[in-house]
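*Asks:* Predicted model follows, preceded by the sequence.
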Amino acid sequence: MQGVQVDPCQFEFLFGLFSDFVERQSGQKFTGFQDNAYLESEEGYKQKLHGEGRDKLNVESWQESDIGSGKIVGNVISAIELSSNNTVPWQARFGVEQRPHHGLYLAQDDKALLKELEHTLYNLYRQDRDGACFDELVRLLGRKYSLLAYLMFLKDSSRYLPIATTSFDRAFELLGVDHKTTAKCSWENYVGFLDVINKVRLLLEGRLSNPVRLLDAHSFVWMLVAQMSQEGDLAENAKDFGRRELTERESIVRSRIGQGAFRKSLLDYWANACAVTSCANTSLLVASHIKPWARCDNDERLDPSNGLLLSPTLDACFDAGYITFADDRSIIISDALSPEDADRLGVDVGLKLSKITPQHCRYLQHHREHVFKGEGKVDGRS
């Protein structure tokens, strides 16, 4: 599985969409997974689920003499049938009629199966035989990928992860990853799945200043096709991006961070100076999208008319919706920015854009309607 790679351009593109999505949902800049209330509310349950499941397993109490008694299987069933467990499509809330059809319940009435199963589970949790135990559980319980991945996750949440094959296959496709998990339940395939998530983790660490856990990378990949799939045309946008030539994909990605062709086009248009203050120190100036990057199509992301070259302070205020600009070039300051803070930041009603085109006006209209914290808006959303 060493050959499976994440397309770096696809990752950067999706990271940009993810960052903007989290910022809109949480109202705070995305700087990491551990300090974001929205991510904690959506994904924090998984670590808690691991703790609850481990308590139910009570592995520390298992003895070899328990093998064949039913205790081990009973504890495993209790660790699965938690009301908070949405990682396995077999839970207590589905009703008792679902239970007899599962191998774990069938084993309670089959002494030979029970002994084999409990011996394997004992080795999984009390010995270091993970790969062999995984494939043995496939033989005993069938190719129930989500169940087996959850049992691995209970063993060690820093090394193993839950899986939902259809969703992760869709996410992997968006990331340019050639690894399928649907109908491919095996230890080899699971190791490949974990390897992809770890590669994503390393890429995330390269973009963030905070450490990233394997479970955080799992959340990132999962959210691409869960929460974010309801945000516009994510899949089509990503597929359109993937069809473009490498040089164009690199330009789109660099436009996100103010590098490459997009930044150069803004430097040319604004004559190497801030569009408002005329500050000419280009190392300080930010190439800012007027219509937010995440809400653009791939052509709009590279359109120089969708950009302003701004000083860092004005860029931060513009990006957060505390200021915008009218079609006559004049600044509009949000009531959400206090006069005292505006004064401290040097944001004055006399400021205006040095020039403007009808194409700029089209993007500025979107900014005024959907980003600016104007009358009746408390968080910048339309």
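*Replies:* Thanks, I have it.

*Asks:* May I see the buried residues of stretch 341-354?
*Replies:* Judged by neighbour count (16 or more other Cβ atoms under 10 Å), stretch 341-354 contains these buried residues: 342, 347, 351, 353. Glycine gets a C-beta too; all of them are placed from N, C-alpha and C.

*Asks:* Pull the distance from it to the chain's centre.
*Replies:* Mean-position distance between stretch 341-354 and its chain equals 36 Å (Cα atoms, centre = their mean, to the nearest Å).

*Asks:* Give me the residues contacting it.
*Replies:* Residues outside stretch 341-354 that contact it (Cβ atoms under 8 Å, 6 or more residues apart in numbering) are 270, 273, 275-278, 308, 313-314, 317, 322-323, 325, 329-331, 333, 337, 360.

*Asks:* One more: stretch 251-261?
*Replies:* 9, 12-13, 16, 241, 244, 250, 262-263, 286-289, 293, 298, 301-302.

*Asks:* Can you flag the buried ones in those residues?
*Replies:* Among the contacts of stretch 251-261, those classed as buried by 16+ other Cβ under 10 Å are 9, 12-13, 16, 241, 250, 262-263, 286-289, 293, 298, 301-302.

*Asks:* And those, which two are furthest apart?
*Replies:* 241 and 286 (23.2 Å; Cβ to Cβ).

*Asks:* how about the helices in the stretch 1-150 of the chain?
*Replies:* Secondary structure of the stretch 1-150 of the chain (DSSP state H, counting those that start in this stretch): helices at 8-26, 37-43, 45-57, 71-80, 103-106, 111-126, 130-141, 145-155.

*Asks:* Using PDB, write out the CA atom coordinates for the helix or strand that the last one is followed by.
*Replies:* Going down the chain from helix 145-155, the next helix or strand is helix 165-174, by DSSP states H and E. The C-alpha coordinates for helix 165-174 follow below in PDB (Å, rounded to 0.1, in the frame of the first residue of the first chain):
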ATOM      1  CA  THR A 165     -16.900   2.300   3.100                       C
ATOM      2  CA  THR A 166     -19.100   4.100   0.600                       C
ATOM      3  CA  SER A 167     -18.500   7.500   2.200                       C
ATOM      4  CA  PHE A 168     -14.800   7.100   2.400                       C
ATOM      5  CA  ASP A 169     -14.500   5.800  -1.100                       C
ATOM      6  CA  ARG A 170     -16.300   9.000  -2.300                       C
ATOM      7  CA  ALA A 171     -13.900  11.100  -0.200                       C
ATOM      8  CA  PHE A 172     -10.900   9.300  -1.500                       C
ATOM      9  CA  GLU A 173     -12.000   9.900  -5.000                       C
ATOM     10  CA  LEU A 174     -12.200  13.600  -4.300                       C
END
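
*Asks:* List the buried residues of helix 165-174.
*Replies:* 165, 167-174.

*Asks:* Which single one of these is nearest to residue 218?
*Replies:* Of all these, residue 218 sits closest to residue 168, with 9.0 Å by Cβ to Cβ.

*Asks:* Now do the same for the closest one: its pLDDT.
*Replies:* If you check residue 168, the pLDDT there is 96.

*Asks:* Tell me the spacing between it and residue 200.
*Replies:* Between residue 168 and residue 200 the computed distance is 11 Å (Cβ to Cβ, to the nearest Å).

*Asks:* what do those two both touch?
*Replies:* Residues touching both residue 168 and residue 200 (Cβ under 8 Å, 6+ apart) are residue 221.
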